[in-house]
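Peer 1: Generate a structure from the sequence data that follows.
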Amino acid sequence: MNVVQYTKTDSLKAEIVWTLKVICSNYGYKSCENNSKGFAVMFPDSDMAKNYHCGERKTSYLATFGIAAHFSSLPRQKVKAESEYVLLFESLNHEMQDKQLDIHVRLWNDDRVRTSEFLGHSAATGLQERLDPIVCDFGHQKLLQLSMDGPNVNWKLYKSIQEQIEKMTTRRILQNGSCGRHILHNAFRICCEAAGWGVEDFLSSLYNLFRDAPARREDFKQVTGSDTLPLMFCKHRWLENIVAERAITLMPHVRDYCEAATTKKVTCPTNSSLTAVQKAAQDPIFVAKLHFFLMCARLVEPFLKLYQTDKPMLPFLAKDMCTLIKTLMEKFIKPEVLFRRKKKKAASLSSLVKINVDDKSHWVDLSKVGIGFAAERLLLKSWHCN
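Peer 2: The predicted structure is shown next:
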């Protein structure tokens, strides 16, 4: 009869394997209680199974202080072995009434280290206190760039870390600005607000008018005979063309519903959402405004989607941004201003941003402003009707 001897190392391996199974299968630690009795029954010829003891507390300890620490150290070792790294930190996400700061470390081979910090105060000094241990661990000399979005507190943090790196290593980290997608999206949103048309308020109010209101949805279906309802729109998020497209489709039904609510044929809601929707419904050219909004959004949205990626897109940023800005400016700026007269070459990005768009002498004639085929057709139809 062969007797198989087992050691503490073999027992520890078995406990680690079982702990990994608990983690991967999302078992609760409580499910590990008294499992040694089951193993002894399943493997009666195994002395290891008879002497296996890994209950709730031991499994939790192995997972938290053993396995987690080991796997966390592996990517950190990779970062320390690289010659350069980029430190990224995401916007403060409010989760569970705590401010969550997501920190990423990116390498040339796209490996990453991810961690999260929960903050009370989110001032620049507090953010730096959370980032300093990571930079010290990986090395100040290896930090190539600090990637971030655009809030002022982040710029203050960037300046502070830049001064710290320059003082310790006599070098400066790469400065390529903040998140271009945030800047472009905010610029589009500010332009919509400056127009004073209330397009974004209308899209938000149209959805909120029927959200969590089954009686209003029933009245809408009864008046219009349509089962199609508005989609959710959030002006603080990325542009969504499908929301504006749905609103354009529903506009005749929205006018019918507003008329029915005003004449008391259905229950008239008493909230600010109905006021915003009624104001838009009474505007005879509001659909044309929606089409113009949609045209501009379709020009901007591909850029936002293209650069919402982990791929190294920085070398293409200037060219794509130049193309986008020039396309938008061609809608109302004279061609001779956009193009160099002598060389007949397209203007560079630096020359485009220097053009004074407030100078009326640079504008094309009002009849030549590019507002899109759909908006132009609706304006002509409205003009002929009047």
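
Peer 1: Now the phi/psi pair for K142, please.
Peer 2: Backbone torsions of K142, given as degrees, to the nearest 10, read phi -90, psi -10.

Peer 1: Could you tell me which residues within stretch 215-228 count as buried?
Peer 2: By neighbour count on 16 or more other C-beta atoms under 10 Å, the buried set for stretch 215-228 is R216, D219, F220, V223, T224. No exception for glycine: its C-beta is placed from N, CA and C like everyone else's.

Peer 1: Now tabulate the residues you listed in CSV and tack on distance to T270.
Peer 2: Below are those laid out as CSV (distance: C-beta to C-beta, whole Å):
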residue, distance to T270
R216, 12
D219, 14
F220, 17
V223, 18
T224, 21
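
Peer 1: Report the two of the residues you listed separated the most.
Peer 2: R216 and T224 (12.0 Å; C-beta to C-beta).

Peer 1: So which of the buried residues of stretch 215-228 sit within helices?
Peer 2: R216, D219, F220, V223, T224 (DSSP state H).

Peer 1: pLDDT at the closest residue to the first one other than its chain neighbours, what is it?
Peer 2: So that's R216. If the residues on either side of it in the chain are set aside, R216 comes closest to F210, at 5.3 Å by C-beta to C-beta, 6 or more residues apart in numbering. Looking at F210, its pLDDT is 93.

Peer 1: what about F210, neighbour count?
Peer 2: By the criterion of other C-beta atoms under 10 Å, F210 has 19 neighbours.

Peer 1: Next, the contact list for it, please.
Peer 2: R216, R217, F220, L229, P230 (C-beta atoms under 8 Å, 6 or more residues apart in numbering).

Peer 1: Using the record's assignment, carve this structure into domains.
Peer 2: The record's domain parsing of the chain by automatic domain parsing lists 8-78, 82-169, 193-294, 309-385.

Peer 1: Out of these, which one sits most buried?
Peer 2: Comparing the domains of the chain by mean neighbour count (mean count of other C-beta atoms under 10 Å), domain 193-294 comes out on top with a mean of 17.

Peer 1: end-to-end on that domain?
Peer 2: The first residue of domain 193-294 is 15 Å away from its last residue (C-alpha to C-alpha, to the nearest Å).

Peer 1: how close does G180 get to K142?
Peer 2: 25 Å (C-beta to C-beta, to the nearest Å).

Peer 1: any idea where the strands of this structure begin and end?
Peer 2: Using DSSP state E, the strands of the chain run over 85-89, 93-95, 98-106, 112-119, 143-147.

Peer 1: ranking those by mean pLDDT, which is last?
Peer 2: strand 93-95 - the lowest mean pLDDT of the strands of the chain, at a mean of 52.

Peer 1: quick one: low-confidence parts of the stretch 251-386 of the chain?
Peer 2: 340-347, 386 (pLDDT under 70).

Peer 1: just the helices in it please.
Peer 2: For the stretch 251-386 of the chain, helices defined by DSSP state H, counting those that start in this stretch occupy the ranges 272-281, 286-306, 314-329, 335-338, 349-353, 373-385.

Peer 1: just the CA coordinates of stretch 298-311, formatted as PDB?
Peer 2: The C-alpha coordinates for stretch 298-311 follow below in PDB (Å, rounded to 0.1, in the frame of the first residue of the first chain):
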ATOM      1  CA  ARG A 298     -23.600  65.200 -36.600                       C
ATOM      2  CA  LEU A 299     -20.400  67.200 -37.400                       C
ATOM      3  CA  VAL A 300     -19.100  67.100 -33.900                       C
ATOM      4  CA  GLU A 301     -20.200  63.700 -32.700                       C
ATOM      5  CA  PRO A 302     -17.800  61.600 -34.900                       C
ATOM      6  CA  PHE A 303     -14.800  63.400 -33.400                       C
ATOM      7  CA  LEU A 304     -16.000  62.700 -29.900                       C
ATOM      8  CA  LYS A 305     -16.500  59.000 -30.600                       C
ATOM      9  CA  LEU A 306     -13.200  58.700 -32.500                       C
ATOM     10  CA  TYR A 307     -11.200  60.100 -29.600                       C
ATOM     11  CA  GLN A 308     -13.100  58.200 -26.900                       C
ATOM     12  CA  THR A 309     -10.600  55.300 -27.100                       C
ATOM     13  CA  ASP A 310      -7.500  53.900 -25.500                       C
ATOM     14  CA  LYS A 311      -5.500  54.100 -28.700                       C
END
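
Peer 1: follow-up on the earlier one: output the domains of the chain as a markdown table; include the columns distance to V300.
Peer 2: Shown next, in a markdown table, are these (distance: least, C-beta to C-beta, whole Å):
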| stretch | distance to V300 |
| --- | --- |
| domain 8-78 | 36 |
| domain 82-169 | 17 |
| domain 193-294 | 6 |
| domain 309-385 | 7 |
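
Peer 1: among the ones you listed, which is nearest P302?
Peer 2: Closest approach to P302 among the domains of the chain is made by domain 309-385 (8.6 Å; C-beta to C-beta).

Peer 1: ends of that closest one, how far apart?
Peer 2: Using C-alpha to C-alpha, one end of domain 309-385 lies 48 Å from the other.

Peer 1: cool, and stretch 40-53?
Peer 2: 11 Å.

Peer 1: repeat for stretch 90-108
Peer 2: 19 Å.

Peer 1: cool, and stretch 334-354?
Peer 2: 15 Å.

Peer 1: Stretch 192-203 too?
Peer 2: With C-alpha to C-alpha as the measure, stretch 192-203 spans 12 Å from end to end.

Peer 1: Identify the residues contacting it?
Peer 2: For stretch 192-203, the surrounding residues in contact (C-beta under 8 Å, 6+ apart) are 189, 230, 233, 235, 243-244, 247, 276-277, 279-280, 286, 289-290, 293.

Peer 1: And stretch 72-87, by the same measure?
Peer 2: Stretch 72-87 has contacts (C-beta under 8 Å, 6+ apart) with 103-108, 111-113, 131, 134-135, 137-139, 142-147.

Peer 1: hmm, 10 Å instead?
Peer 2: 103-109, 111-115, 131, 134-135, 137-139, 141-148, 161, 173-174 (C-beta atoms under 10 Å, 6 or more residues apart in numbering).
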